[in-house]
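> Have a look; sequence and predicted model below, questions after that.
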Amino acid sequence: MQLEEKITDRKQMEERLRESEEKYRLLVNNLPGVLYKGYKDWSVEFFDRKIELLTGYNVNEFNARKMEWSDIIVEKDVEAAREHFVKALETDKSYLREYRIRSKTGNIHWILERGHPNVAKVEGAADPRRQGFSCSNLPQALDNAEYAVPSVFP
């Protein structure tokens with residue numbers, strides 16, 4: 001009888017785990033942004049494949065640490081993005097930063113990123129739909145006329 005109870009308990013636990021995974025996937029897949037973990041060395045781990053639509057790079061290139069996120073940040077924006085990141089790690093406070101990335105095809109996309117440091121990594125979301133529109137960079141964004149949102153996240 002004990003063996004049957006253990007098997008039943010295990011099956012129930014597996015079912016709860018499966019249901020939890022389904023809820024997690026539903027949430028991640030329906031969020032408009034890209035969810036990630038970022039590390040001090042600029043490596044990132046993405047939780048879904050949306051990054052491929054935005055950047056043109058395979059998610060495994062990032063997750064296997066063949067590429068770093070800084071590899072695709074527009075050169076002029078790297079230092080400011082790095083400063084925000086380091087400051088967030090030092091203060092353990094949430095941060096908001098906006099910068100441009102260059103996709104594999106060479107297109108420029110504005111990114112508005114929110115994150116929160118957690119020891120040696122940052123967990124956050126980059127929202128390409130927002131395209132970093134603020135009063136400070138709207139003229140630049142209009143000049144660039146590179147809006148990924150309609151084609152990336154309809």
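Perfect, thanks for sending it. Remember, predicted model here, so these are calculated numbers, not experimental data.
> before we move on, what SS does Glu4 have?
In three-state terms, and counting by DSSP: H, G, I helix; E, B strand; the rest coil, Glu4 is helix.
> swap in the one 4 residues further on?
Three-state assignment for Thr8 (three-state DSSP): helix.
> Pull up the gap between the closest residue to Ile72 other than its chain neighbours and Asp71, please.
Nearest residue to Ile72, sequence neighbours excluded (CB to CB, 6 or more residues apart in numbering): Ile101, at 4.7 Å. From N, CA and C alone the C-beta is placed, and that goes for glycine too. Relative to Asp71, Ile101 is positioned 9 Å away (CB to CB, to the nearest Å).
> between these two, which one's more packed in?
Taking neighbours as other CB atoms under 10 Å, Ile101 and Asp71 compare with Ile101 leading, 22 against 15.
> Break the chain down into its structural domains.
When the chain is parsed into structural domains using automatic domain parsing, the resulting residue ranges are 1-30, 33-152.
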